[in-house]
Every structure is written in structure tokens, then in C-alpha cells.
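K.L.:
Turn this into a structure:
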Amino acid sequence: MTITTADTPNKALRHNSLFHTGQAVPEDKRDELHFMVTKKISAIPPAEFVRIFLEEATRTLDGADQAQSPSSHELPVNPFANLPAAKSEKGMYAEITKALNDSGLCPQHIFAATPHKGDTSEGSGQAIDLGMYPRHPPPNLGTPDKGNFLRTDWSTLEVGIECKMHSTAQDPFDESYISDEPDADSRREVLGQILAYLELIAHHQQRTFQYMVLFLGAFARILRVDQAGIFVTNKFKYRGDDGFILARFFRDLARLPLGCRGYDTTASRVSPDSAEGQQMQDLVQTITEDDYILKMFKDSLNTDWPWWKLEVPDETAGVDSTSGPTVANGERGPSRFYLVGKPYFQAPGTTGRVTRGYVALDVTNPGTSELVFLKDAWRVVSTDIEKEGVVLETLKQHKVKFIPTVLCHGDIPGQASLSQELWPKYHKGKKCELKAHQHYRLVVKEVCKPLDQFRNGSQLLLAIWCCLYAHGQAYKLGIIHRDISAGNILLFRAPNGRWHGMLNDWELSKTRAQQKEEGRQPDRTGTWQFLSVNALNNPRKTIVIQDELESFFHVLLYMAIRLLHHNFDDDDVRPFLRDYFDGCTPHSSGNSCGPVKANVMLFGCITVQPHRKDEEDGDVPVKELCFLWPDEDAPSDSSQKGKTDAAEVGPPQPTAQPPFPGSEGQSDASSSAPTQPRPQSPEKHHPLNDIFKTLLSWFSAYHTLRRPENLNPTARSVVQPPSNNDDALFFDSLEDSSDIIDLESNPLLDPQSDAGSESGTESEGSGRESTSPSDDSARAEKKARAALQKKAKKLRRHEDMLALLKEKIKASAWPQNDRRPDRKPSKRWKPAEKRIPKDSTLPMSLKRPASAVDDLEPPCTPPKRSRA
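P.N.:
Next comes the predicted model:
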């Protein structure tokens with residue numbers, strides 16, 4: 001079967017995600033950081049590394065006064081030549097730090113050993129061994145401990161330095177492999193470790209690239225990391241002649257201008273004690289109860305975190321109605337300036353788009369105090385990918401609702417990744433996996449709340465309806481979003497005080513023309529928890545409308561099962577969140593969709609196997625999800641402040657699956673069959689149950705038809721454009737509009753989305769009488785297949801899902817207090833480990849008798865995998 005693919009696989013992250021359930025193990029997070037740099041590492045000779053990346057220093061120093069600055073061609077004294085061989089890492093810390101500080105190579109910097117105490121501004125406790133810090137402004141290194149070691153300061157660290165005793169077993173790079181990546185576990189662990197440190201520096205600072213130095217026993221490496229990839233030197237002996245290269249690196253780097261040292265020169269540090277810092281604090285002195293925007297800005301004013309003044313170029317000076325916003329006469333407009341504190345959101349990693357978002361104070365014009373939302377990212381540069389600001393402006397020109405309003409946006413001049421340009425020189429004849437990235441900022445008018453702060457179930461559904469509506473309007477214009485997640489569906493309060501949804505983050509969007517061709521999108525990621533089953537199973541798959549609608553469903557389920565009343569116990573919700581949204585199936589080339597999400601989509605039923613308590617006898621029936629109308633005394637969370645603290649619980653046991661949708665037979669009743677939820681009176685029937693039942697039947701039909709045994713490539717159905725509808729008139733709170741969603745049939749159908757046309761299956765063989773049992777079976781099979789096709793067609797356009805949600809929002813009675821305390825566990829929660837019961841479950845007849853032990857061969861311990 002043919003599958004349309006994108007050129008680079010989706011690198012969605014599970015553990016490094018805001019939506020990960022419970023505690024993320026540091027080793028797992030570091031493994032994902034390693035995964036993000038796969039095929040992006042290049043090892044080159046040390047002398048060539050310094051020549052390429054410090055060329056600006058060479059020109060600067062060559063032109064300097066010889067009496068004050070030695071020529072860059074004159075090698076400095078090697079400060080490491082007389083270092084004794086260290087007997088431990090602790091010995092390396094003291095000796096290397098002293099050698100660098102005494103050398104005089106970097107008079108405007110200090111070198112500090114900080115191996116044990118982490119930065120107080122973040123809770124991970126991670127601390128790098130050594131660091132090169134600028135003297136001004138002075139770093140916050142704390143007071144020396146008993147070993148004379150200081151505290152790591154991620155916000156001022158310029159060059160991180162890590163020390164390892166073993167030059168091979170702890171070397172995070174391996175030139176014996178084509179990709180220069182390590183294979184041994186111990187080496188992979190070190191790579192994840194240094195990437196985690198680089199990530200912390202990137203999160204606390206405004207950097208365009210970074211350097212790091214590794215001391216590996218008697219050897220050293222220098223590496224440079226930007227958004228496209230990593231360049232690292234081959235190992236060299238720093239006590240010998242090659243030590244001059246390392247000395248020159250430190251000397252020349254320290255004398256470069258800030259921009260050439262990897263600092264973003266359009267970002268300036270703001271002290272809380274400065275006039276601008278005081279302006280930020282004065283704004284939040286008085287906050288009304290319902291002013292969520294000021295509250296968000298106040299939360300960002302964490303004095304343990306650096307504050308910044310950011311410059312944003314304005315490329316919205318001219319607008320062409322046919323091609324979207326352009327810069328008038330090829331010139332950009334005047335820059336705008338914004339004050340920001342701690343980021344509201346930060347994407348993980350050191351390579352890629354490394355997006356972060358801020359609630360920002362506009363200070364372009366004196367006397368103004370408007371709060372807006374600022375997005376800082378390194379966008380992928382490609383003729384097939386438009387700037388997000390241009391996409392939003394295009395949608396606004398066509399009056400698409402429920403999307404952000406662009407105030408300004410633009411590329412930061414002179415700030416682009418370099419690794420992708422150098423990579424082909426060192427990998428001749430190979431396909432370059434590195435993508436060009438350009439620093440980019442976008443400012444929008446609307447500051448939104450996260451979706452999990454919805455007031456009740458009807459507001460949640462309304463927000464999703466609004467974003468689905470926006471998605472449908474954009475799709476009609478030929479644009480597909482491609483990153484539907486709980487983080488991109490937001491809540492916004494309109495000027496009239498009514499809340500509605502806002503579909504955010506159009507950075508990964510594509511046009512339908514691009515969707516028709518394979519490999520047009522050179523880079524994409526997504527949010528693992530909300531990607532469709534098919535997107536997770538085939539990371540190179542082109543995203544189609546069915547994938548997007550499924551992602552909307554996953555968002556609805558994620559929020560509803562966390563925050564609304566239903567019949568699942570808290571001890572069952574926590575492992576369900578982990579297994580459904582974080583779950584995966586590992587295999588040799590990566591991870592695919594977990595079995596829980598896959599089975600729900602295939603069988604159309606959400607169930608859990610409750611944990612049997614010790615005092616309970618017999619089987620515990622499987623529960624099918626049912627949303628409940630809350631009792632008067634039921635716990636509520638209308639203030640959105642409640643959080644449940646979690647105890648350790650075990651994962652749900654495997655459950656029997658319901659029969660295939662559309663099948664004629666019924667499964668036999670058994671103890672493992674889902675229990676029927678307690679009946680509710682008609683006036684107390686929660687509308688979400690009907691919505692979930694209907695949507696699950698559609699997704700189940702779609703995934704059932706996609707199974708290999710059900711594919712029929714010879715038949716294709718054609719969906720006619722829907723008739724006129726009144727979606728644009730839905731709710732007077734959603735501003736009057738003459739727009740009508742009249743979505744045309746989807747021309748971008750996945751080749752396997754439908755296996756045959758409903759009309760074709762009905763007409764074939766019609767009017768014939770069954771002449772044998774086999775004919776009766778064939779006719780029944782065609783009838784069942786036609787029923788599946790009819791349901792699957794509902795996912796080929798937006799109208800049916802929009803109509804379903806609208807009907808339930810508008811016509812159904814909704815409880816006003818159906819929100820309850822959040823069931824998502826805290827970051828401290830860990831799933832219970834598998835335990836062997838105190839009493840053996842093996843019958844005596846199956847246990848090996850003691851007399852048989854003498855006849856057994858001695859136990860054999862399998863050889864351990866080499867960690868070198």
C-alpha cells in the first residue's frame with residue numbers, strides 16, 4: 001500500500017513535554033535530547049574548528065595594536081602543559097580551574113568550579129563541573145563550600161566545561177561511527193548529560209549558539225551547538241602541543257564582540273532595580289480579581305530569573321491582498337520593544353525551533369502599558385514554509401475567526417544557524433539532515449489562558465468548537481494547521497466579556513498544494529500526547545484532515561477525563577493518562593503509538609480495569625467511561641485551584657476488547673466485559689456521553705477500514721459539498737458574521753482513508769437473491785462495510801463534527817458545576833513498580849520439588865554488555 005510521507009520524521013517528545021503525566025525520569029528526558037540531535041553531529045580536526053568558528057577573532061586580533069594584543073597566529077602559552085595527571089574528577093576541577101584563571105588568557109572572565117550546587121532558579125539541581133563566566137555583570141555563584149566549590153549560575157554561564165576521567169568510556173562522541181554518535185550506554189548517557197546542560201543555558205539566556213569544552217582524562221574536545229546541529233573537534237591531548245589550540249580558543253573567544261560569542265544582541269538584560277524593571281513591577285501593584293493577563297505578567301516577574309528587553313523587527317509595513325503581508329519597498333518597518341520576565345512557555349532542546357513565549361509589556365512608545373504575547377522561535381527556512389505572521393495575516397484578511405491578531409513580526413537580522421552550511425563539506429555524497437533556522441519573533445494582541453482553566457464542560461466544548469471552526473475556515477482557504485494540541489487551543493475573553501477558543505501556533509501549517517506532494521515539508525514536530533494514531537505509527541506520514549480531527553478528540557478527552565466528573569476512580573485516571581497519552585510501543589527504529597490509544601481508536605470504547613483491592617474477592621468488572629451529572633455535594637473546582645496529590649498506583653490490567661464496530665455478532669457476557677454505568681435520569685444525562693459515543697464510532701470506522709485486510713484500493717467515494725448551514729450564526733456571543741462554513745470535499749484524502757464508496761457497495765449485487773450461505777455472508781459483509789464507510793466519511797470534512805458539537809452545546813442541558821479538582825498527578829508521582837504478591841499464585845503442582853534442584857545445572861550469568 002502507498003503511504004504519502006514527509007521527508008523528515010516527526011520528532012515529537014514524550015518526556016520533555018508539558019503534558020507528560022507524573023515524574024519524568026532525568027535519564028528518559030536526556031535520551032530524548034539525544035534523539036533530537038540524531039544525524040546532526042559532525043567531528044572535525046581541532047585546528048580547523050578554531051579556524052572556521054573564530055575567524056572573526058583572527059581578523060580582529062590581527063588588526064590590533066601589537067603592543068597590546070599579540071597576533072592570533074602567535075600561540076599563547078599552554079596553561080595545561082604542566083598539569084599533573086588527575087586521580088579523580090574532583091582533582092580535575094581544582095587543577096583546570098586554577099590553570100585557566102592563572103593563565104591570563106581571559107582577563108574579563110573568571111573560571112569557577114561548580115560541580116555540586118545547582119542554580120536556585122530551577123528545581124532540577126543540575127550543576128555543571130566548571131564554567132567560564134564574564135566578570136561584569138558579576139555571576140551569582142554563591143559562597144564556596146567545604147571543597148571550595150561554588151554554585152552554578154545558568155543565566156551568566158558563557159562556556160560550560162565538563163570533566164570526565166575516562167577518555168573512551170565517558171566520551172559522548174564516537175568517530176568510529178558514520179554519524180559520530182556514541183553507541184555504548186555510558187557514552188550515550190554523557191551525551192544526554194551535556195545536552196541537558198546546554199538546554200539549561202539556552203533557557204536562561206538569549207543565545208544564538210553556544211560553545212562547550214570537555215576534558216576527558218588526558219584528552220579534550222571543543223563543541224559548538226546551534227539550532228541546526230553540533231560541530232565538535234576530534235579528541236586531542238591538551239597537555240601536549242595541541243593544548244595551544246585550546247588556549248587559543250579561550251583567548252580569542254573572550255576578545256570577540258558579544259554577537260560573535262553567541263549572544264543575541266537584540267536582547268538586553270533588565271535589572272529589577274532599573275527604571276524599566278520598576279516599570280514592570282509598578283504595573284502589577286493593583287490587580288483586579290478577574291484580570292488574568294496582569295496575573296500572568298506578575299507571575300513572570302520572578303527575580304531569580306533574568307528579565308529582558310527584546311527588539312522585534314516589524315515586517316507588516318505593507319500588505320498585498322493577494323499574497324499576504326510583505327515589507328513595503330523591500331524595507332522593514334521600525335522595530336518595536338518589549339519587556340519580558342520568565343517565559344510562560346519554553347520548548348525543550350538546544351536544536352530545532354526552541355520556541356518560547358512571553359507575556360510582554362510594549363514599551364515602544366513612552367507612556368504605554370499594553371500587555372501582549374510575544375513568541376520567540378528559530379523558524380525553519382524553506383520556500384515551502386511561510387512565516388507564521390504571514391500565515392496569520394493571510395487568514396485575517398479572509399476574516400477567519402478565533403485566531404491571533406498580529407501586531408508585528410520579523411526575522412532578527414544576522415541571526416541564522418550555520419551548521420547546515422558547513423555539514424556537506426564533511427559528509428560528501430550524503431543527504432544533509434540539518435535544516436536552516438532563522439531567529440524570528442512574533443507579537444500578537446491576544447493574551448490567552450490555557451485550556452485547562454475552563455470553567456465547566458460547556459465552556460470546554462465551546463472552546464474546542466471555536467478552534468475547530470477556525471481550522472475549517474483555514475482549510476477552506478487551503479491551509480492545514482498540523483499541530484493540534486492542548487497547548488494550542490486556548491481560552492480568550494472577548495471585549496464583550498464572553499469566553500471563546502483561540503487556535504494558536506500556526507508555525508507548522510502547510511498549504512494543501514504542499515500536502516499533495518511528498519517530502520515538501522523539511523521539518524516538523526508535534527505534541528506526542530495529541531498526535532493521531534497514524535501519525536505516531538508513521539512519523540513520515542503527511543498529516544491529513546482525519547489526523548487533525550482525531551487530535552481535537554484527544555484534546556477533548558485529555559481535558560474531560562482530568563477535570564470533569566465521570567465514573568473512573570482517581571487511582572484509575574492517573575495510569576490511564578500515562579498509558580493513553582504518553583504510551584508508546586518501542587521498536588528498533590524508535591517509538592510508535594501505544595496500545596491503549598490505538599485500541600480506543602480501533603474499537604471505539606474507552607475502558608479501564610480497576611485495581612482490585614486486597615479486601616475484595618473475585619473479579620473486578622471493567623469500567624466503560626461515562627461522564628456524570630455532579631451531585632449537589634460533589635467536589636467542585638470552579639476556581640481552578642484544586643489539585644489532587646497522588647499516591648503510587650499500578651497500571652491498569654489488559655482488558656477484553658469490545659466487538660468490531662459494525663459487526664453483526666455480540667460478544668459473550670463475561671466478568672471482563674465493560675460494566676454498564678449507573679443509569680441517569682434523562683434530565684441529568686451528561687451531553688458529553690453522546691458526543692464521545694458518536695465520535696468514537698466515526699474514528700473506529702475510519703481505523704477499521706484502514707486495516708490491511710479491509711483495504712479496497714479500487715473504490716473511492718466522492719463527498720459532495722455540504723449544504724448551507726447556520727454555523728456562523730451560532731451563539732450571539734461569538735460576534736456577528738456573514739461567514740458560512742461551506743467546506744468543500746477534501747481533495748487531500750489519504751489514499752487509505754476510505755476503501756470504497758457507499759453507493760458502489762450498495763449497487764453491486766443489488767436486486768439479486770442469495771443462492772447460498774456464502775452469498776448471504778458476502779451480502780452481510782458488504783452491508784457492514786457500507787455502514788463503516790458512512791461513519792468514516794464524517795471525518796472527511798469539518799461540518800459533521802462541528803454540527804455535532806454545536807447541537808450539544810446549543811440544545812442540551814449542561815451542569816454548571818461539573819468541573820472537579822484536577823486528577824492529573826503531580827510531577828512527583830511515579831507509577832507503582834511491579835511486585836510479586838506475598839502469597840505465591842502458583843499452585844503447588846506447578847512448583848518445582850526440592851528434590852529436582854540437585855538435577856539442575858549450575859546457574860549461568862549472561863555476559864554484561866560492554867559500557868566502553
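K.L.:
lowest-pLDDT helix or strand in the protein?
P.N.:
Least confident helix or strand of the chain, by mean pLDDT, DSSP states H and E, is helix 758-763 with a mean of 37.
K.L.:
helix or strand right after that one?
P.N.:
Counting by DSSP states H and E, the next helix or strand C-terminal to helix 758-763 is helix 773-792.
K.L.:
Check which residues of that next one are buried.
P.N.:
Within helix 773-792, the residues that count as buried by 16 or more other Cβ atoms under 10 Å are 782, 784-789, 791-792. All C-beta spots, glycine's among them, are computed from the backbone N, C-alpha and C.
K.L.:
before we move on, what about stretch 106-125?
P.N.:
By neighbour count on 16+ other Cβ under 10 Å, the buried set for stretch 106-125 is 106, 109-119, 121.
K.L.:
in the sheet, who's paired with the residue sitting nearest the centre point of the chain?
P.N.:
Closest residue to the average C-alpha location of the chain: T527 at 4.5 Å, with Cα atoms, centre = their mean. When assigned by DSSP bridges, T527 has beta-bridge partners L13.
K.L.:
Which pLDDT value goes with it?
P.N.:
pLDDT, T527: 87.
K.L.:
you'd agree it is up against D483?
P.N.:
Yes. Counting by Cβ atoms under 8 Å, T527 touches D483, with 7.0 Å between them.
K.L.:
Specify which member of the buried residues of stretch 106-125 is nearest to L395.
P.N.:
S121 (37.8 Å; Cβ to Cβ).
K.L.:
so which helix or strand takes in the closest one?
P.N.:
Counting by DSSP H and E, no helix or strand carries S121.
K.L.:
ditto for E421
P.N.:
helix 419-426.
K.L.:
what's the distance between that helix and the middle of its chain?
P.N.:
Centre-to-centre, helix 419-426 and its host chain are 27 Å apart (Cα atoms, centre = their mean, to the nearest Å).
K.L.:
any idea of the mean pLDDT for that helix?
P.N.:
95.
K.L.:
pretty sure R797 is touching I545, no?
P.N.:
Yes. With contact defined as Cβ under 8 Å, R797 reaches I545; the gap is 7.3 Å.
K.L.:
In space, what's closest to A85 - neighbours in sequence excluded?
P.N.:
Using Cβ to Cβ, 6 or more residues apart in numbering and skipping the chain neighbours, the partner closest in space to A85 is A218 (7.0 Å).
K.L.:
Provide a list of residues in contact with the one you found.
P.N.:
85, 167, 237-239 (Cβ atoms under 8 Å, 6 or more residues apart in numbering).
K.L.:
what does W307 give?
P.N.:
269-272, 277, 280, 301, 339-341.
K.L.:
Now render those as a markdown table, adding distance to D290.
P.N.:
Compiled in a markdown table, those are given as follows (distance: Cβ to Cβ, whole Å):
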| residue | distance to D290 |
| --- | --- |
| R269 | 33 |
| V270 | 28 |
| S271 | 32 |
| P272 | 27 |
| G277 | 27 |
| M280 | 21 |
| L301 | 20 |
| L339 | 24 |
| V340 | 23 |
| G341 | 22 |
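K.L.:
Quick one, which of those residues are buried?
P.N.:
Buried members of these, counted by 16+ other Cβ under 10 Å: 270, 277, 280, 301, 339-341.
K.L.:
Sort out for me which of these are in strands.
P.N.:
Among the buried ones among the contacts of W307, the members found in strands (DSSP state E) are 270, 339-340.
K.L.:
List just the nearest of the buried residues of stretch 106-125 to F250.
P.N.:
If you rank these by distance to F250 using Cβ to Cβ, C106 comes first, at 5.6 Å.
K.L.:
got a pLDDT number for the residue nearest to the closest one when sequence neighbours are not counted?
P.N.:
In this structure, C106 finds its nearest non-sequential neighbour in A254, 3.8 Å apart by Cβ to Cβ, 6+ apart. For A254, the model assigns a pLDDT of 95.
K.L.:
cool, and A377?
P.N.:
pLDDT recorded at A377 is 97.
K.L.:
which stretches of the stretch 551-700 of the chain form helices?
P.N.:
For the stretch 551-700 of the chain, the helices defined by DSSP state H, counting those that start in this stretch occupy 570-577, 595-603, 687-706.
K.L.:
What is the burial count for the closest residue to K445 other than its chain neighbours?
P.N.:
Nearest residue to K445 in three dimensions, chain neighbours excluded: T405, at 4.2 Å (Cβ to Cβ, 6+ apart). Using other Cβ atoms under 10 Å, T405 is surrounded by 12 other residues.
K.L.:
Also S589?
P.N.:
Around S589 there are 8 residues (other Cβ under 10 Å).
K.L.:
Please tell me how far it sits from R578.
P.N.:
The spacing between S589 and R578, counted by Cβ to Cβ, to the nearest Å, is 23 Å.
K.L.:
One more: E421?
P.N.:
The gap separating E421 from R578 is 42 Å, by Cβ to Cβ.
K.L.:
And for A792?
P.N.:
When A792 is compared with R578 (using Cβ to Cβ), they lie 29 Å apart.
K.L.:
what do you get for G357?
P.N.:
26 Å.
K.L.:
got it, and W305?
P.N.:
30 Å.
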